[in-house]
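S.K.: Please find the sequence and the predicted model below.
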Amino acid sequence: MSGGQIGNTCVFGLSWGDEGKGKIVDLLSSHFGLVVRFNGGANAGHTVCVDNEKYALHLLPAGVLHEHTVGVIGPGVVVDPLGLIEEIDELASRGINVEKKLKISERAHLVMAYHKIEDRLSEQASGSGSRIGTTARGIGPCYADKMKRTTAVRFIDLLHDDDLSGRIRRIVAAKKASFQALYGDDDGLDADAVLADIDVGRTRLSDLITDTTELLHGAIQSDQQILFEGANGLLLDIDHGTYPYVTSSSTGPHGIGAGAGVPASVLKHRIGVVKAYSTRVGAGPFVSELADETGDRIREAGHEYGTTTGRPRRCGWFDAVSIRYAAQVSDATHVALMHLDTLSGFAEVGLCTAYRIGNQTVQSFPACTSLLEQAEPIVEMLPGWNGDLRSIRSFDALPESARAYVQRIESVVGVPVSIIGVGPDRSQTLVRDPLRNVLPVPETSTV
Ligand code: GDP
Ligand code: IMO
Ligand code: MG
């Protein structure tokens, strides 16, 4: 680990998820002692590729792959205890032991079997027009119980609630009745099985339950560097995304106050990650989508299949309207532009700079789903480039049209593109000034 005052940093997605956040978090982690997840749950799938080894992290912060980092799962995360144990064990089987350096907030909520059942049943019952296309990980139902309060279970309850078994039995009975009434099915939901899951969670995870809020404030007081790892993406944010086709948490730097218990004012850098084109998995408006051969070509070139669900991702040209909006809402200080290599070989590449809605040209991002669904993309075509970019390590060595494309993105989004991805591996990354001065990237590609 290198020292120096880098400043607390948040890495988050500027689009609809899967932007390459895992890679950037892993890349930066050598400079941070603590890596913190503050939102979402196992709906996230963050890929890290190091030395031909590929890791997919769902609940664990991607930064825990580094030996020196402490991983923190903050109060705002919804945690499937069995999924987390599986992830810990899977990494251990590959020689990476994270159990002793992982902290789970006492305040974090548990995703239980009935949340996953409800997620599935509710999606199945929705018509194709209103289905969100969730990851079926129980995220929305768990956050709904958190807001409802009386039916929620937190990690602290595993240690201090003497009536937890009784409460779980009452919650399960109510859930069964409600699922039967709403869906005519409860998928075999059984209180004893839920209690057995809780026992497994308590046995394996009790030692990890911590007052992470105090831990993080202590770290801030002693000038330790903290890296906050956003899950999902700004356009999936519960307040600022393409509602209702969103996830149920605050996905950007604004989420760290609620989700980690420390104010967002501690952040020095807010690095918004986005691909050189746009993708979306699940339903919802996507103005620059290419539902044609060009979209298929991007999908195959970029291996655009979901890390969590394996679903094919919808692909389209870089949607500068939505990304400019996301950068504004999150006050991004830097953009990390991933997958520039994937666009090699296209004669021209498109940049959606405005929407046509009716007879109006619109440059701000509409809140209304039906307006977004009617919107036509206004696409500026720029010259493409050829050749494999994966071995290139400096901006100046990129083909001229690739550089011009990046510069055009900087000008339309209004934020410097300080990191560029030219391949999935940690080493396949370019870092530009001014970030290069504060975040020197490791030359080697070892964990
Ligand atoms: P996350 O959820 O934001 O962490 O992103 P995912 O891991 O779900 O999806 C990003 C995918 O792109 C993963 O398969 C990464 O290995 C891959 N990836 C990340 N950056 C690059 C890049 O610059 N070029 C290429 N070709 N692949 C990349
Ligand atoms: P990472 O962290 C891509 C999408 C789902 C669905 C909507 C709601 O890997 O970028 P949910 O299960 O959260 O209720 O689903 O949000 N979604 C993601 N899409 N990457 C993610 O995470 C996502 N997390 C949620 O596809 O459209
Ligand atoms: Mg992902």
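M.R.: All right, it came through fine. Numbers count the residues shown, from 1 in each chain. Ligands and ions are numbered 1, 2, ... in the order given.
S.K.: Quick check: residues of the stretch 51-200 of the chain near ligand 1?
M.R.: With CB under 6 Å from any ligand atom as the criterion, the stretch 51-200 of the chain does not meet ligand 1 at any residue. C-beta here means a position set from N, CA and C on the backbone, and glycine is covered the same way.
S.K.: mind listing the strands for the stretch 301-447 of the chain?
M.R.: 314-316, 318-319, 334-338, 348-357, 360-362, 376-383, 417-421, 429-431 (DSSP state E, counting those that start in this stretch).
S.K.: ok, the nearest residue to Ala125 once chain neighbours are set aside - contacts?
M.R.: Take Ala125 and drop its neighbours on the chain: the residue closest to it by CB to CB, 6 or more residues apart in numbering is Tyr183, 5.3 Å away. Contact analysis of Tyr183 by CB atoms under 8 Å, 6 or more residues apart in numbering lists 121-122, 124-125.
S.K.: Run through this protein and note the low-pLDDT ranges.
M.R.: 1-4, 439-447 (pLDDT under 70).
S.K.: Let's see that with 90 instead.
M.R.: Within the chain, the segments meeting pLDDT under 90 span 1-6, 50-52, 127-130, 161-162, 306-310, 433-447.
S.K.: Show me which residues of this structure are close to ligand 3?
M.R.: 18, 45, 307 (CB under 5 Å from the ion).
S.K.: out of those, who has the most neighbours?
M.R.: Among the residues of the chain next to ligand 3, the one with the most neighbours (other CB atoms under 10 Å) is Asp18, at 27 neighbours.
S.K.: Am I right that it is in contact with Gly282?
M.R.: No: judged on CB atoms under 8 Å, Asp18 makes no contact with Gly282 at a distance of 10.7 Å.
S.K.: Touching stretch 191-200 from outside, list them.
M.R.: So stretch 191-200 is in contact with 81-82, 85, 110, 112-114, 153, 158, 164-165, 168-169, 172-173, going by CB under 8 Å, 6+ apart.
S.K.: can you pull the contacts of Thr213?
M.R.: Per CB under 8 Å, 6+ apart, neighbours of Thr213: 75, 105, 107, 260-262.
S.K.: ok so, going back, quick one: the residues of the chain next to ligand 3 as TSV, columns for distance to ligand 1 too.
M.R.: Putting the residues of the chain next to ligand 3 into TSV (distance: CB to the nearest ligand atom, whole Å) gives the following:
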residue	distance to ligand 1
Asp18	4
Gly45	5
Thr307	4
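S.K.: filter those residues by proximity to ligand 2?
M.R.: 18, 45, 307.
S.K.: related to what we said a few turns ago, now the two most distant members of the contacts of stretch 191-200.
M.R.: Ile85 and Ala173 (26.5 Å; CB to CB).
S.K.: Of the two, which one has the most company?
M.R.: Ile85 (17 against 12).
S.K.: so that one touches Leu208, yeah?
M.R.: No: between Ile85 and Leu208 there is no contact, the gap being 10.3 Å when judged by CB under 8 Å.
S.K.: residues touching the closest residue to ligand 1 within the chain, list them.
M.R.: Proximity to ligand 1, evaluated over the chain using CB to the nearest ligand atom, is greatest for Gly421 at 2.2 Å. Neighbouring residues of Gly421 by CB under 8 Å, 6+ apart: 20, 23, 336-341, 428-429.
S.K.: make it 6 Å
M.R.: With contact set as CB atoms under 6 Å, 6 or more residues apart in numbering, Gly421 has these partners: 20, 338-339, 429.
S.K.: same question, Val415
M.R.: Val415 sits next to 327, 332, 335 when contact means CB under 6 Å, 6+ apart.
S.K.: Let me have these in TSV, extended by neighbour count.
M.R.: Formatted as TSV, the contacts of Val415 follow (neighbours: other CB atoms under 10 Å):
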residue	neighbour count
Ala327	23
Ala332	27
Val335	24
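S.K.: what's the closest of those residues to Gly218?
M.R.: Of the contacts of Val415, the one sitting nearest to Gly218 (CB to CB) turns out to be Ala332, at 28.1 Å.
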